[in-house]
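sequence and predicted structure are below.
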Amino acid sequence: MRDLKAVGKKFVHVMYPRKSSALLRDWDLWGPLVLCVALALMLQGGSADSKDDGGPQFAEVFVIIWFGAVVITLNSKLLGGTISFFQSLCVLGYCVMPLTVAMLVCRLVLLAGGGTVSFIIRLIVVGAMFAWSTL
């Protein structure tokens with residue numbers, strides 16, 4: 001339960017950023033894992049009658065996100081960064097949250113129906129999440 005509260009606190013911090021060195025010091029990998037799995041599951045999507053089971057897509061998304069975070073973290077450490085390895089993985093993992101929220105909203109819009117209006121709504125959602133992630 002303690003870990004769940006810490007992950008929830010970090011989700012709120014990602015949604016409404018404010019300065020807090022304690023959050024960076026208390027790293028965890030549960031939140032990034034949940035975000036990465038949720039994003040990979042939504043991206044694998046596909047319909048029930050599809051011949052493609054979506055397994056490789058899940059693995060590709062999962063590996064690309066984690067391998068990319070490890071490469072960026074190692075680069076930071078090699079350039080003399082003062083942040084620890086797991087702190088960096090934690091921060092980079094939580095940075096996937098805007099993508100996950102955008103994917104969730106886009107999936108819900110697609111459930112309502114396709115077409116030009118659906119495309120425009122999804123474009124606005126992705127643009128808003130991009131703007132949110134660059135604040």
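That came through, no problem.

what's the mean pLDDT across the top helix by length along the chain?
Counting residues, the longest helix in the chain under DSSP state H turns out to be helix 55-78. Averaging pLDDT along helix 55-78 yields 86.

next SSE after it?
Toward the C-terminus, helix 55-78 is succeeded by helix 85-94 as the next helix or strand (DSSP states H and E).

where does pLDDT dip in the chain?
Filtered on pLDDT under 70, the chain yields the residue ranges 20-24, 45-55, 135.

which residues are contacting the longest helix of the chain?
32, 36-37, 39-41, 43-44, 83, 85, 88-89, 92-93, 96 (Cβ atoms under 8 Å, 6 or more residues apart in numbering). Where you see a C-beta, it was placed from the backbone N, CA and C, and this is true even at glycine.

which of the residues you listed sits closest to Lys19?
Ile83 (15.3 Å; Cβ to Cβ).

nearest residue to the middle of the protein?
Val96 (2.2 Å; Cα atoms, centre = their mean).

and that residue, what are its phi and psi?
Backbone torsions for Val96, taken as degrees, to the nearest 10, come to phi -80, psi -10.

list the contacts of it.
Pro32, Leu35, Cys36, Leu39, Ile65.

please repeat the previous calculation with a cut-off of 10 Å.
Contact analysis of Val96 by Cβ atoms under 10 Å, 6 or more residues apart in numbering lists Val14, Gly31, Pro32, Val34, Leu35, Cys36, Ala38, Leu39, Ile65, Ala69, Met103, Ser133.

ok, the second one touching Val12?
In other words, Gly31. No: shown here, Gly31 and Val12 do not form a contact pair, counting by Cβ atoms under 10 Å, at 11.0 Å.

tell me which of the two has more neighbours.
Counted by other Cβ atoms under 10 Å, Gly31 and Val12 do not tie: Gly31 has more neighbours, with 23 against 11.

element containing that one?
With DSSP H and E as criterion, Gly31 is part of helix 30-44.

helix 55-78 and that helix, what's the angle between them?
140 degrees (axes from the mean of the first three to the mean of the last three Cα atoms, to 10 degrees).

what is helix 30-44 packed up against?
Packing partners of helix 30-44 (3 or more Cβ pairs under 10 Å, 6 or more residues apart in numbering; DSSP states H and E): helix 2-15, helix 55-78, helix 85-94, helix 97-112.
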